[in-house]
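A.B. asks: coordinates for the following, if possible.
(chains A and B)
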Amino acid sequence: MSKKPFEFIKKKLNRSSIILSLTLLFVVLVIAVGFIVFRFNILRYNVQSEDREYDKYYVMITDNYKSDFWQEIYKGAFDAAKEQNIYVDLLGDDLPTQYSCEQLMKIAIASKVDGIMVYANESDEMTALIDEAIGAGIPVITLYSDNTHSKRISFVGVGSYNIGREYGKQIINIINDKHKAMDEDGTRLGEDEINIAILVNSDAKETGQNVLISAIKDAIDKENITGSKVSFSIITVNNTNAFSVEESIRDIFLADDIPDVIVCLNELNTVCAYQALVDFTRVGEADILGYYDSDAIIREIEKGTVYATVDIDTKQLGEYCISALSDYYEFGSTSQYYTADVKLINKYNVDEYHKQKEAEQDE
Amino acid sequence: MNRFLDKPLQYKIISVCVLANIIIFVVNIFLLLGINSMSTEMELVYQDNKNLNQLSVSLSNVQDSMTEYLSSKSSDSLTKYYDNAQRFSALTDSLDDKITDLSFGRMERNIKYMSQNYLDQVSQTIEAKRGRNVEKYRVYYENATTMYEYINAYITSLNLELFVNNSKHYSELNTAFRHYEFVSFIVITLVMAGNILIITSFVSAIIMPLRRLADSANEVAEGNFDTELPELTNNDEIGTVLNAFNKMLISIKQYIEKIRESMEKERYMQEKELMMESHLKDAQLKYLQAQINPHFLFNTLNAGAQLAMMEGADKTYEYVQTVADFYRYNVNGKKEEATIREEVTLVDNYIRILNVRFAGDIGYDKQVDERLLDVPMPNMILQPIVENAVNHGIREMGDKGRITLKVYREDNNVCISIIDNGKGVSREDIDKIMSGHWQHKEHQYDNNGIGMDNVISRLRLYTENINSFNIFSEGENKGCEVTIRLPYNDAH
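C.D. replies: Numbers count the residues shown, from 1 in each chain, chains lettered A, B, ... in the order given. As a prediction, this is how the structure comes out:
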């Protein structure tokens, strides 16, 4: 009985020592956890900078790095290069001012990159720069558009003749469709003239365009369409400054008589052309043969504003560049030409195209 | 723990407070360390931008000094150029040329190589100028200036990108700082709560014996000396007080025990004294009883013998019988208590004896309630009173003298009245008799020997009532009445 109060005090003391231990434990725990969390928060940045390091550094130079087309090519090249521990930069992408391909070439040479992929042209300046780079030991690949006189190690592009033939086939389809429609309406009055306008960039002295145009002509001649006279016109689109392309294309639609078929040879021209057609409410009067398979262009094919477009395997273009440079580094030389696949998309196979895209994405 | 508990109270309380403070101090130190580390980090956020600006300034210096040299060809500007070029070269050398996923890392690399290229161009320009090769230095100058612009563009771009990145970092740091503030607040609050718990439980544990002591002291103060004594716990001040209290309590208990013992002894003594007193009284009574005069016995027996000699008949026998009865009562009356019946019988016998002695002078009337005859009373009470009444009241009246004996009930008393029609008693005499100051006439031969004061004393002792004996007389020659009041108990 008399032991009871003592036991009680003892219990109380035990309890307080437990509380003391728990509090101390808690304090230590809080400090430890807080410290770790805090350190982790701070170190996240330091860890980030110690990222993967690459062996080689290639640059891709183009005049319009914002377009889907070039972004796709860049992505193809980037992914292919990454597998070989090489980093590919789209040069000029992160610079405040927009530089021309030639200026970017100078920067690339001065930066002592390990490889250059350039959207070249046939100008002498470009030739000199490519030769300078080769002289400095930097392999140069011309991409999509060649500079034939330079010492570039390889050209990666699309077969212009193939594209021209495909366009030719589509033009024949368009003519046939029109004839059919006229027959049904009974409005066909003997021979009519089909006007085909081909939009050509003003700065392009490249041979690719010429090959393409002659391929179209060949294809039409081969089919030998009766009852139609086909005339070709080449419309030069001024692309010397930022917004001149759009203005030049609009000018075409301001005339009373617009061409029956407009062939666009790059993505921007295609977009400008169908937009102008819609804005001037002349859909149906002219058929647009587009270039490249951006989402917007595919949508217009579904709507019928754009008759057909060519789907260039941009990924393949990028991959070819990297393999050409790798071959060069590995064997000292590489194939002079790489040609990427071309596929035509029109309203008949657009669904199939979608399915294929989805399948690719699922992969 | 036990060693700690044995320390002085002051030490214990201070220790607990110091411990609590140390905990808070340690936590605060850690929090401060965290804040310090964060602020350092924040200071360093824009360090890259500062470095880059330095690079930019250095580049401009090189370009300016080159231009100055080209335009003035002064040796001053040439020295300046060399200084600047060296500084710029050192700065560019420190740049990182790693190729990483981070765009500013690659930009840094490009700036490094472009700067080297630029420095080459500039030195070629200077060389050409010194060699007065006008055509060449112009071209080199153009090239260098173009490169200068490109590098500047790169630096601007990198600066911007770094700034954006660093701003992001800064704002994240800021957010982290806010979180840190909040967490710190929570931690401080929790630690404080823990401290309060520690202090509360410790102090209450330390104070617990004191509280129990206070409770015990209260109980003792209320007179409960048998309260549960707090167990001696620690060797601190409370322990000492507790110990002292316990000792004190034990002493008080012992003291109380002693007092009680002595009081009990005293009471026992008092009781004994009382007993002795009563025994004394008893002895006095016995002594008084023993005062009965043996002369009377012989006188009476002589009278009986004379009668027997003269007549030798029934009367004599009766008389002698009566006398014998009378004396038997006296001889047997060793016991102190008798019944009224016995006393009345004794009076009857006495009157008869007197009547024989004095030839039937005394008239004797009895009015007795038979039911009360068994009531006890002290013996040798009535006969002395009657004797007194005869001797002092009616002796000289001859045959006119009359004695009346009444036994009746009055409330809870049994009253016995002896009434005579004799001389009566004066007021003063009554008072004297009642207060026991009546002077006996010594050697009064015709006396049983038992005085009125003895009778009164005995009656008063027996009944414990001062009014148990009364004398009433209306005056000279008007007789006298003596009334005895005995307590009546229904059980008799």
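A.B. asks: give me the distance between A:Glu360 and chain B.
C.D. replies: Distance from A:Glu360 to chain B, counting by Cβ to the nearest Cβ, to the nearest Å: 25 Å. C-beta coordinates here come from the backbone N, C-alpha and C atoms, glycine included.
A.B. asks: host element of that residue?
C.D. replies: Secondary structure from DSSP states H and E places A:Glu360 in helix A:350-362.
A.B. asks: low-confidence stretches in the stretch 1-150 of chain A?
C.D. replies: For the stretch 1-150 of chain A, residues meeting the criterion pLDDT under 70 lie at A:1-16, A:38-51.
A.B. asks: next one: the stretch 251-400 of chain B
C.D. replies: B:279-280, B:282-306, B:309, B:312-314, B:317, B:324, B:328, B:330-336.
A.B. asks: of all of it, which residue lies closest to chain A?
C.D. replies: At 15.9 Å from chain A, B:Lys253 is the closest residue in the stretch 251-400 of chain B, using Cβ to the nearest Cβ.
A.B. asks: count the neighbours of that residue for me.
C.D. replies: Around B:Lys253 there are 12 other residues, counting by other Cβ atoms under 10 Å in any protein chain shown.
A.B. asks: same question for A:Ala181.
C.D. replies: Look at A:Ala181: counted by other Cβ under 10 Å, it has 11 neighbours.
A.B. asks: chain center to the helix or strand encompassing it: distance?
C.D. replies: In the assignment (DSSP H and E), A:Ala181 maps to helix A:160-185. In terms of Cα atoms, centre = their mean, to the nearest Å, the centre of helix A:160-185 is set 28 Å apart from its chain centre.
A.B. asks: which positions in the helix holding A:Glu360 come out as buried?
C.D. replies: Neighbour counts over helix A:350-362 (16 or more other Cβ atoms under 10 Å in any protein chain shown) mark A:Val350, A:Tyr353 as buried.
A.B. asks: what is it packed up against?
C.D. replies: Under the contact definition 3 or more Cβ pairs under 8 Å, 6 or more residues apart in numbering or on different chains; DSSP states H and E, helix A:350-362 sits against helix A:295-303.
A.B. asks: following the helix it packs on, which helix or strand shows up next?
C.D. replies: The helix or strand immediately downstream of helix A:295-303 is strand A:306-312, counting by DSSP H and E.
A.B. asks: output the very next helix or strand once past that next one as CSV, nothing but the C-alphas.
C.D. replies: Of the helices and strands lying after strand A:306-312 in sequence (DSSP H and E), the nearest is helix A:314-331. Output in CSV follows, covering the C-alpha atoms of helix A:314-331 (Å, rounded to 0.1, in the frame of the first residue of the first chain):
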residue,chain,number,x,y,z
THR,A,314,12.2,13.7,-93.4
LYS,A,315,13.3,11.3,-90.7
GLN,A,316,15.2,9.4,-93.3
LEU,A,317,16.8,12.6,-94.5
GLY,A,318,18.2,13.3,-91.1
GLU,A,319,19.4,9.7,-90.6
TYR,A,320,21.1,9.7,-93.9
CYS,A,321,23.1,12.9,-92.9
ILE,A,322,24.4,11.2,-89.8
SER,A,323,25.3,8.0,-91.5
ALA,A,324,27.1,9.9,-94.2
LEU,A,325,29.1,11.8,-91.6
SER,A,326,29.8,8.6,-89.7
ASP,A,327,30.9,6.8,-92.8
TYR,A,328,33.2,9.7,-93.5
TYR,A,329,34.8,9.5,-90.0
GLU,A,330,35.0,5.7,-90.2
PHE,A,331,36.1,5.1,-93.8
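A.B. asks: any idea of the angle helix A:314-331 forms with helix A:350-362?
C.D. replies: Angular relation of helix A:314-331 and helix A:350-362 on a 0 to 180 degree scale: 50 degrees, by axes from the mean of the first three to the mean of the last three Cα atoms, to 10 degrees.
A.B. asks: is any residue of helix A:314-331 near chain B?
C.D. replies: No - applying Cβ under 8 Å from any Cβ of the partner chain, one finds helix A:314-331 separated from chain B by no less than 14.7 Å.
A.B. asks: output the contacting helices and strands for that helix.
C.D. replies: Applying 3+ Cβ pairs under 8 Å, 6+ apart, one finds that helix A:314-331 contacts strand A:56-61, helix A:68-83, strand A:115-118, strand A:140-143, strand A:154-158, strand A:337-340.
A.B. asks: if we go to 10 Å?
C.D. replies: Judged by 3 or more Cβ pairs under 10 Å, 6 or more residues apart in numbering or on different chains; DSSP states H and E, the packing partners of helix A:314-331 are strand A:56-61, helix A:68-83, strand A:86-90, strand A:115-118, strand A:140-143, strand A:154-158, strand A:337-340.
A.B. asks: which parts of it are buried?
C.D. replies: The neighbour-count check on helix A:314-331 (16+ other Cβ under 10 Å) flags A:314-328 as buried.
A.B. asks: just want the angle from it to strand A:154-158.
C.D. replies: For helix A:314-331 against strand A:154-158, the angle by the same axes, to 10 degrees is 170 degrees.
A.B. asks: ok now helix A:314-331, how far from the chain's centre?
C.D. replies: In terms of Cα atoms, centre = their mean, the centre of helix A:314-331 is found 17 Å from the chain centre.
A.B. asks: what's the average pLDDT for that helix?
C.D. replies: Computed over helix A:314-331, the mean pLDDT rounds to 91.
A.B. asks: and the angle from it to strand A:56-61?
C.D. replies: Between helix A:314-331 and strand A:56-61, the angle comes out at 140 degrees (the same axes, to 10 degrees).
A.B. asks: picking up where we left off before, contacts for the helix holding A:Glu360 next, please.
C.D. replies: The contact list for helix A:350-362 (Cβ atoms under 10 Å, 6 or more residues apart in numbering or on different chains) reads A:293, A:295, A:298-299, A:301-302, A:308-309, A:311, A:315, A:343-346, A:349.
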